[in-house]
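[1] have a look; sequence and predicted model below, questions after that.
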Number of protein chains: 2
Amino acid sequence: MALEHAILVSLAERSASGYELARRFDASIGNFWRASHQQIYKVLGRMEADGLVESRLVAQDHRPDKKVYALTEAGRDELRRFAVSPTPPEVLRSEFAVKLRALPFADRETTVADVRRRRQQHVEKLSYYEESAARFYPDPSAVADDELGAWLVLRGGLLAEQGGITWCDEILAALTGGNATPAPRSPARTGRRRSP
Amino acid sequence: MALEHAILVSLAERSASGYELARRFDASIGNFWRASHQQIYKVLGRMEADGLVESRLVAQDHRPDKKVYALTEAGRDELRRFAVSPTPPEVLRSEFAVKLRALPFADRETTVADVRRRRQQHVEKLSYYEESAARFYPDPSAVADDELGAWLVLRGGLLAEQGGITWCDEILAALTGGNATPAPRSPARTGRRRSP
DNA sequence: AGGAGCATGTAACTAGTTACATGATTGT
DNA sequence: ACAATCATGTAACTAGTTACATGCTCCT
């Protein structure tokens, strides 16, 4: 179960309360692994029972107390074990692909509008990644060793969004006959177009 | 819940028993939506109770009877509703990305070997998609209307695998100093490439 | 004799989602 | 006065996984 490992990784970078973890899962880590606060609290409870993390209560001024979780030695061990375990091939699970297969049941205009919306989402996410990259890693040839993982993940996100845009452009070309969106970011042509 | 819709799509293409559906989910549809036979039987049961599908028992020679499921009119309605519903943005969930973040807890050789294995898996899947494309759609400029969805999904799979290979190459370059794998299939530079 | 394929499921469990619940502080 | 942020959870449910169970036929 990978949420456990995502939490271990996050806590290894910096100890945090459940709430703080939940916010990380809305942002940085959340770009490749989502989790709700409810789920995080649940898993943290189990992880503490299993001895992977330990908590201490921290009182705060003008704010509720918080329970700050930190890795235990067992947690660090588990993280090491995980880090060197072989990665099982990931199965992609795309509701969008299911919908493409349902094309004959939709009308073209609705589908085209939906794909354009989806493309726009990819473009926005891509800009967000590009801004992050420019801000945090202005010189990609000199990424520090302890930032390498985060940098590579960011690169993966970037590549995925670019791929998503290319896919949308191909779909739009196929659905509209090839003269649809100008597609400024990615040329999107692989040679096949269905022109009338 | 998208398994339901994947089943509707599959049954719309051709009526089938649970067993046959399970095999489709091991192959074609399974490339973008996995499901075990247990899960399929369970969901089929519910869908029949909900009136989306109906079954009839078919006796066979030298083989167990089978229950062949077909869409009902309500099922077709639901499929139409689904086909025109807006696609929620998909969250990618990558255990591999979590592992990249855990890089400081692994040793480099193990990671490099793991990434190479992963790259190889992408290459194999890509060849498989390319073979499928060559076999079923020898002329991409003339894909029939009723095949368009399947073709576009195949294109998406292809793009995803190519992206995965590019990502692996970047990771290997970062981990080994840039002179690692020859990377015949994808040049792997910083993402934007355009070959003739 | 043994394994693969055909065919259907149940039971127990884990993971994740949605809805609900509480209560203080800070900003508009 | 109302919403947002901080902070922690419980309860009910849905989706998916893993293990188990049965029995027939065809091939080697």
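    Yes, it's here.
[2] is A:Glu54 in a helix, a strand, or coil?
    Counting by DSSP: H, G, I helix; E, B strand; the rest coil, the backbone at A:Glu54 sits in strand.
[3] neighbours around A:Tyr128, how many?
    14 (other CB atoms under 10 Å in any protein chain shown). Every residue, glycine included, has its C-beta placed from N, CA and C.
[4] Validate this expectation: it resides in a helix.
    Yes: secondary structure of A:Tyr128, determined by three-state DSSP: located in a helix.
[5] list the contacts for it?
    Shown in contact with A:Tyr128 (CB atoms under 8 Å, 6 or more residues apart in numbering or on different chains): no residues.
[6] could you measure from it over to A:Ala22?
    From A:Tyr128 across to A:Ala22, the span is 20 Å (CB to CB, to the nearest Å).
[7] residue ranges of the strands in chain A, please?
    A:16-17, A:53-60, A:63-71 (DSSP state E).
[8] okay, the angle between the second one and strand A:63-71?
    Counting by axes from the mean of the first three to the mean of the last three CA atoms, to 10 degrees, strand A:53-60 points 160 degrees away from the direction of strand A:63-71.
[9] for strand A:53-60, packing partners?
    The helices and strands touching strand A:53-60, judged by 3 or more CB pairs under 8 Å, 6 or more residues apart in numbering or on different chains; DSSP states H and E, are helix A:2-13, helix A:37-49, strand A:63-71.
[10] can we see that at 7 Å?
    Counting contacts by 3 or more CB pairs under 7 Å, 6 or more residues apart in numbering or on different chains; DSSP states H and E, strand A:53-60 packs against helix A:37-49, strand A:63-71.
[11] now what about that strand, what contacts it?
    A:11, A:44, A:47-48, A:65-72, A:75 (CB atoms under 7 Å, 6 or more residues apart in numbering or on different chains).
[12] with only the CA atoms kept, save that strand in PDB.
    This file holds the C-alpha atoms of strand A:53-60, laid out as PDB (Å, rounded to 0.1, in the frame of the first residue of the first chain):
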ATOM      1  CA  VAL A  53       6.000   6.600  13.200                       C
ATOM      2  CA  GLU A  54       5.700   8.200  16.600                       C
ATOM      3  CA  SER A  55       3.800  11.300  17.600                       C
ATOM      4  CA  ARG A  56       4.100  14.000  20.200                       C
ATOM      5  CA  LEU A  57       1.500  16.500  21.100                       C
ATOM      6  CA  VAL A  58       2.600  20.100  20.500                       C
ATOM      7  CA  ALA A  59       0.700  22.900  22.200                       C
ATOM      8  CA  GLN A  60       0.300  26.100  20.200                       C
END
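[13] pull up the pairing partners for it, direction included.
    Strand A:53-60 has the following strand partners under DSSP bridges: strand A:63-71 (antiparallel).
[14] please report how far A:Arg80 lies from B:Ala102.
    A:Arg80 is 8 Å from B:Ala102, by CB to CB.
[15] so those two - more neighbours on which side?
    B:Ala102 (22 against 16).
[16] and the spatially closest residue to A:His122 that is not a sequence neighbour, what's its pLDDT?
    Excluding its sequence neighbours, the residue lying closest to A:His122 (CB to CB, 6 or more residues apart in numbering or on different chains) is A:Gly164, at 4.1 Å. You'll see A:Gly164 listed with a pLDDT of 97.
[17] for A:Thr87, phi and psi?
    A:Thr87 adopts backbone torsions of phi -80, psi 120, taken as degrees, to the nearest 10.
[18] that one touches B:Phe96, doesn't it?
    Yes: taking CB atoms under 7 Å as the definition, A:Thr87 is a contact partner of B:Phe96 at 5.2 Å.
[19] who has more neighbours, these two?
    The neighbour count for A:Thr87 versus B:Phe96, taken as other CB under 10 Å, is higher for B:Phe96 (21 against 17).
[20] how near is that one to A:Glu95?
    Distance from B:Phe96 to A:Glu95, by CB to CB: 21 Å.
[21] count the residues that sit near the residue nearest to A:His122.
    25.
[22] that one and B:Ala174, how far apart?
    23 Å.
[23] neighbours of whichever residue of chain A sits closest to DNA strand C, just the number please.
    Closest residue of chain A to DNA strand C, CB to the nearest atom of the strand: A:Met1 (2.6 Å). As a burial measure, A:Met1 scores 8 neighbours (other CB under 10 Å).
[24] what do you get for A:Asp61?
    For A:Asp61, the count of nearby residues is 4 (other CB under 10 Å).
[25] what does A:Ala133 give?
    16.
[26] with A:Ala74 instead?
    14.
[27] which residue packs closest to it, ignoring adjacent ones?
    What sits nearest to A:Ala74 in space, not counting adjacent residues and going by CB to CB, 6+ apart, is A:Gly51, at 4.9 Å.
[28] likewise for A:Phe32?
    Leaving aside its chain neighbours, A:Phe32 sits nearest to B:Ala97 (3.9 Å; criterion: CB to CB, 6+ apart).
[29] and A:Ala35, how far from A:Arg24?
    Relative to A:Arg24, A:Ala35 is positioned 9 Å away (CB to CB).
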